[in-house]
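**Q** here's my sequence, what's the structure:
(chains A, B, C and D)
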Number of protein chains: 4
Amino acid sequence: MTLKFGLLGAGRIGKVHAKAINADLDAELVAVADAMAPAAAAIAAQYGCEVRSIEAILAAKDIDAVVICTPTDTHADLIEAFARAGKAIFCEKPIDLSLDRVKSCLKVVRETKAVLMVGFNRRFDPHFAAVKAEIAKGSIGAVEMVNITSRDPGAPPVEYIARSGGIFRDMTIHDFDMARFLLGEEVAEVSAMASVLVDPAIGTAGDFDSVQVMLKTASGKQALISNSRRATYGYDQRIEVHGVAGAVSAENQRPVSIEVATAKGYTRPPLHDFFMTRYIDAYAAEIAAFIQAALGKAAATPSGEDGLAALALAEAALKSVAEGRVVKVAEVL
Amino acid sequence: MTLKFGLLGAGRIGKVHAKAINADLDAELVAVADAMAPAAAAIAAQYGCEVRSIEAILAAKDIDAVVICTPTDTHADLIEAFARAGKAIFCEKPIDLSLDRVKSCLKVVRETKAVLMVGFNRRFDPHFAAVKAEIAKGSIGAVEMVNITSRDPGAPPVEYIARSGGIFRDMTIHDFDMARFLLGEEVAEVSAMASVLVDPAIGTAGDFDSVQVMLKTASGKQALISNSRRATYGYDQRIEVHGVAGAVSAENQRPVSIEVATAKGYTRPPLHDFFMTRYIDAYAAEIAAFIQAALGKAAATPSGEDGLAALALAEAALKSVAEGRVVKVAEVL
Amino acid sequence: MTLKFGLLGAGRIGKVHAKAINADLDAELVAVADAMAPAAAAIAAQYGCEVRSIEAILAAKDIDAVVICTPTDTHADLIEAFARAGKAIFCEKPIDLSLDRVKSCLKVVRETKAVLMVGFNRRFDPHFAAVKAEIAKGSIGAVEMVNITSRDPGAPPVEYIARSGGIFRDMTIHDFDMARFLLGEEVAEVSAMASVLVDPAIGTAGDFDSVQVMLKTASGKQALISNSRRATYGYDQRIEVHGVAGAVSAENQRPVSIEVATAKGYTRPPLHDFFMTRYIDAYAAEIAAFIQAALGKAAATPSGEDGLAALALAEAALKSVAEGRVVKVAEVL
Amino acid sequence: MTLKFGLLGAGRIGKVHAKAINADLDAELVAVADAMAPAAAAIAAQYGCEVRSIEAILAAKDIDAVVICTPTDTHADLIEAFARAGKAIFCEKPIDLSLDRVKSCLKVVRETKAVLMVGFNRRFDPHFAAVKAEIAKGSIGAVEMVNITSRDPGAPPVEYIARSGGIFRDMTIHDFDMARFLLGEEVAEVSAMASVLVDPAIGTAGDFDSVQVMLKTASGKQALISNSRRATYGYDQRIEVHGVAGAVSAENQRPVSIEVATAKGYTRPPLHDFFMTRYIDAYAAEIAAFIQAALGKAAATPSGEDGLAALALAEAALKSVAEGRVVKVAEVL
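**A** Take a look at the predicted model:
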């Protein structure tokens, strides 16, 4: 059976998903909606699908599933509407910037028994998935400590910062999800430090561009996250997991792995420029996993609850910075 | 404009090209032919194209280009027929096992001014192409010495060996082409050594499974090739080029780049299992390049003459082993 | 001129220094003292020096400098005595477990204008020193974030733990010094998390075996430290420094850098087993630097004040764990 | 027991051995001889030994062993003289440039039952020794193919070239020995190609600066050697051994293993500048092995016969280049 898709939002990430849907033999892109008519038309032309309104997609008989790539403040409403319409839903993170709104939205999802998957794409990166598989195989024994480095090649425009909910909700949230994914145990405590080192305008907007976070579970497992909006050498994405019997890590990826040796030394090229190139395989695997979930062949993972849990860690990190103390996740959730 | 394709041969490599054609927005797979009806039918079903006879494809008005993946002994005849029919031709290597037959075939190609590209896929590997680009940029100065390591994960069945023309024409030919590609100057002399170390049956069939070859150009540039039909750790494909000002190399590729550290040491996974996974990007780039050539937007490279030159090096290597001496390429060409 | 040495303490680290002194052409080991007569005798026999009492070394005319490798609780008294005796002093870290005692000891050092160098050996590791040199050269621009991983291959006996002052004063203190060394700016705030994951007996003794620490300077520069008393794959010692223009890192070291490739993958040997092998070059360079300082040719670095500052960070980390909050260094110093 | 040494030759390599002897607790440097008085005096002053004539060392009762670092054309005479005097002999390679002279010299060594070890230092490099140990352990199964890359950072002065016996006897000879060491089976056939690419003056002197060599044993095992007198990025020394069950390799070494990442890419420093720094540990281990042999505790390996065998491969390679054919070792030996 082929899963018929409606795509909500034809922006940068919408295009990524359109391409992944088109390439998947189990999926068909039927319609696209976007407030910007030319953006929707471009995708429609490229993949031979229709432009429709969101309302029309909601009512459509020929659409089984939607991918929500609209602005964050529309996510929760759209999830509720499509959950009630009986469509399977893939939603880009975050569901909402407010924990309460996420909770009320997930209540509707539970009541309607809708299939909802949240877009934490990194879980589907083949390298990170292989790290997880080694843990599952027992290669390193019980997990004890996780170290995550995630550095963007550059800071986004300040206007984006303003709408993003801040670095913890926008950027670190991926690392919070990765930490939960790798620790295999819920985080109980959060402590964070934050600075503005890259762009003073980010500070003026009330946000940070350089942060570090410590996490701890109830049993004492630990995780470290290091984030910056600056990395001149490309998109820096590394994870490392230490267990009782050893460690497993995933190194950075670059477009080509050559090396030039001269009197100046041995030089390999910079890393991928950003997530669109670094996680191209992850996005394809993510949609493939969603298709399986929508067809009832697998659980929808990461779930809405995973989205909520990661957002709660962001909330706790913010509170930790504001109050200069360790924050228990139970305080914010 | 979309280039309309006929695929001749629906075997292993035919499937690779069918997939690449289907994924390319500038191409359309219109028809497939194969002596084995079920193989052709499978590809037709998967990509929504027709099954036709080779004759029908030859006569078809709706086909601009063909990809020849049939057995080697049919290549030259098919190239001549399709050249006369005015179709653009992509042909898997080798054009023929006989240098004379290749020469007569290329005469027809020249007379008909057909577009012919030969399938030396490795030139299109992003890593190897990046090595070539560094040379072109002048990063290492004038090229002096090239080292190529190419080891298959295992030996093919002896029946395959028998039809293959032997290891130099079947396996080393890719390295001969790569050496020519990287040296940037024609090879003048060849010396080879060959053993049977992997499978005595290969020796019984009159072939070798472990060979090493030295090449030299008229100006004294050198290249080394090391080949084996055995590599327990995966498909070993490395190149390294030394120039006046430095060196550039491309390392092996593996499906996932993780590392597990335990008391036994630090372990990375084996390499790709073989060419179907190792060169997946190369095959896509190769078809894309052929499309550009067929549309008249670029030269057809590697050309039929490149195919002839690589085959001549294989012939010279064979003669070198037989006679225990350095063979001049001019002796065989 | 040759610097004449008295060695106080003939234990494990005393032997390391005896060897380094003996190998240095600018130094001569004249006498060794140890409460355990056989230990002192062994070193005396090996290097052809005398066994003397500490009192005799203190009074000796033929001794210019001492290396203090006795138990920690004797360090401050010995520093004061030898400072007053006009000898140059190299003392293993820490000067004392009490910040107040360190302060009063350094007062004597200042008053006597004694040369005092503290044993933070890692600053002299050629790899870490090269990282520092790249920062000094401006290769990465102004430093922003430092990441330090330091994992011991195994936990020490619980009796050692009891005397050690705990993991922050015993193990992390090296990383605190390294963070200060690399940040190039004083740390203002400390936040730490600590668990017992390796050995419950360590917890019973009131200590931790797995800790992570965040540091921040007044200008917002950050550092992360990850420590564990467990690393099955050897002694894990890595640093990584991010600046405005790039990053510089030092990788782990192993006794031999070979790689074995089989069907199971590509395996490199485990790392050095511990500091005695990992930092062999660092210990030699450290003594060489001390000799230069004792001869008045260079400043004594790291100084007693560096020892004090690192201990203050340990104190702040302990307080942070106890109180679940960010601790300002000014609170403890 | 301490082995008492006389050092013949106080040049560059003589200094390396003097330092290694001095640092070894089982050895004592008693006397040094050199035609250049100041060179001998310098070593005598540095290590507190006497300057003596070669004749005096030959007659000395207080000398057990000699290290021969004099010009090549004196080696064979000195070996014979010291063999007759009952001293243990360590001689730098080669014993002589003439195979016949080496043979007659070794006859004297056999008749006098002298201990003779030849200076193929690379066998004692910890990394290469670890490769050999993995082979011995069976990690890669029976050896099939060996690949050796050896590139000097620069060409020696033409005057040196003239006395050196040419690149095969001077430089490749180390790789011939390494190939024999790793193959574990005598080489039966040699084929070589040679060019002048680096310095035309080398060609004028009748030598080559860029060579590649293929070796084959009677059972069909193979080895490849790639040599150049040019490597802008440092002293390039790599080996790689392929067996039935896998491969083992030793990578290049550099003084410090740091990496700087900027917008231009990831850069590691150049390699060691040449053999004096690259093989510092090898030279120490080599003398330690010789001491064991001289004390009768181990066999003298590599032996005079190893020296002869490597020289024969050089002779065969020269003949192969001259005659453009595969040369059997039996033809020259």
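**Q** which residues touch the residue nearest to A:Ala263 when sequence neighbours are not counted?
**A** Among residues not flanking A:Ala263 along the chain, D:Thr232 sits closest, at 4.5 Å (C-beta to C-beta, 6 or more residues apart in numbering or on different chains). C-betas here are computed from N, CA, C, even on glycine. Shown in contact with D:Thr232 (C-beta atoms under 8 Å, 6 or more residues apart in numbering or on different chains): A:Ala261, A:Thr262, A:Ala263, B:Ala245, B:Gly246, D:Pro153.
**Q** and the two most separated of those?
**A** Using C-beta to C-beta, the pair of the contacts of D:Thr232 lying farthest apart is B:Ala245 and D:Pro153, separated by 13.1 Å.
**Q** one step back: could you turn the buried ones of the contacts of D:Thr232 into a ChimeraX selection?
**A** Selecting only the buried entries of those in ChimeraX, with 16 or more other C-beta atoms under 10 Å in any protein chain shown as the criterion:
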select /A:261,262 /B:245,246 /D:153
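**Q** can you redo the contacts of D:Thr232 as CSV with secondary structure and pLDDT?
**A** Converted to CSV, the contacts of D:Thr232 look like this (DSSP: H, G, I helix; E, B strand; the rest coil; pLDDT from 0 to 100):
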residue, secondary structure, pLDDT
A:Ala261, strand, 98
A:Thr262, strand, 98
A:Ala263, coil, 98
B:Ala245, coil, 98
B:Gly246, coil, 98
D:Pro153, coil, 97
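**Q** ok, so what distance separates the residue nearest to A:Ala263 from D:Glu259?
**A** Per C-beta to C-beta, to the nearest Å, D:Thr232 is found 19 Å from D:Glu259.
**Q** figure out how far stretch A:266-273 is from the centre of its chain.
**A** Remark: stretch A:266-273 is offset 25 Å from the chain centroid, using C-alpha atoms, centre = their mean, to the nearest Å.
**Q** tell me the mean pLDDT over it?
**A** Averaging pLDDT along stretch A:266-273 yields 98.
**Q** so that stretch, near chain C or not?
**A** No - Stretch A:266-273 does not reach chain C (C-beta under 8 Å from any C-beta of the partner chain); its nearest approach is 10.1 Å.
**Q** quote the end-to-end distance of that stretch.
**A** End-to-end distance of stretch A:266-273 (C-alpha to C-alpha, to the nearest Å): 21 Å.
**Q** can you pull out the strands in the stretch 1-150 of chain A?
**A** Per DSSP state E, counting those that start in this stretch, the stretch 1-150 of chain A carries strands over the ranges A:3-8, A:27-33, A:50-51, A:65-68, A:88-92, A:116-119, A:143-151.
**Q** and those as a markdown table, adding mean pLDDT, distance to chain D and mean neighbour count?
**A** Below are the strands of the stretch 1-150 of chain A laid out as a markdown table (pLDDT from 0 to 100; distance: least, C-beta to the nearest C-beta, whole Å; neighbours: other C-beta atoms under 10 Å in any protein chain shown):
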| stretch | mean pLDDT | distance to chain D | mean neighbour count |
| --- | --- | --- | --- |
| strand A:3-8 | 98 | 35 | 26 |
| strand A:27-33 | 96 | 36 | 23 |
| strand A:50-51 | 98 | 40 | 17 |
| strand A:65-68 | 98 | 34 | 26 |
| strand A:88-92 | 98 | 30 | 25 |
| strand A:116-119 | 98 | 29 | 27 |
| strand A:143-151 | 98 | 10 | 24 |
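**Q** now the residue nearest to A:Ala263, what's its secondary structure?
**A** Put simply, D:Thr232 is coil when judged by DSSP: H, G, I helix; E, B strand; the rest coil.
**Q** how far away is it from A:Val256?
**A** 22 Å.
**Q** tell me if I'm right that A:Met117 and A:Ala298 touch.
**A** No - with contacts defined as C-beta atoms under 8 Å, A:Met117 does not count as touching A:Ala298, sitting 10.0 Å away.
**Q** what touches both of these two?
**A** A:Ala289.
**Q** just the helices in chain A please.
**A** Secondary structure of chain A (DSSP state H): helices at A:12-23, A:37-47, A:54-59, A:72-84, A:99-112, A:126-137, A:158-164, A:167, A:173-183, A:200-204, A:275-278, A:280-294, A:304-323, A:329-332.
**Q** elements contacting the fifth one?
**A** Read that as helix A:99-112. Applying 3 or more C-beta pairs under 8 Å, 6 or more residues apart in numbering or on different chains; DSSP states H and E, we find helix A:99-112 packed against helix A:72-84, helix A:304-323.
**Q** count of neighbours near A:Gly86?
**A** For A:Gly86, the neighbour count with other C-beta atoms under 10 Å in any protein chain shown is 11.
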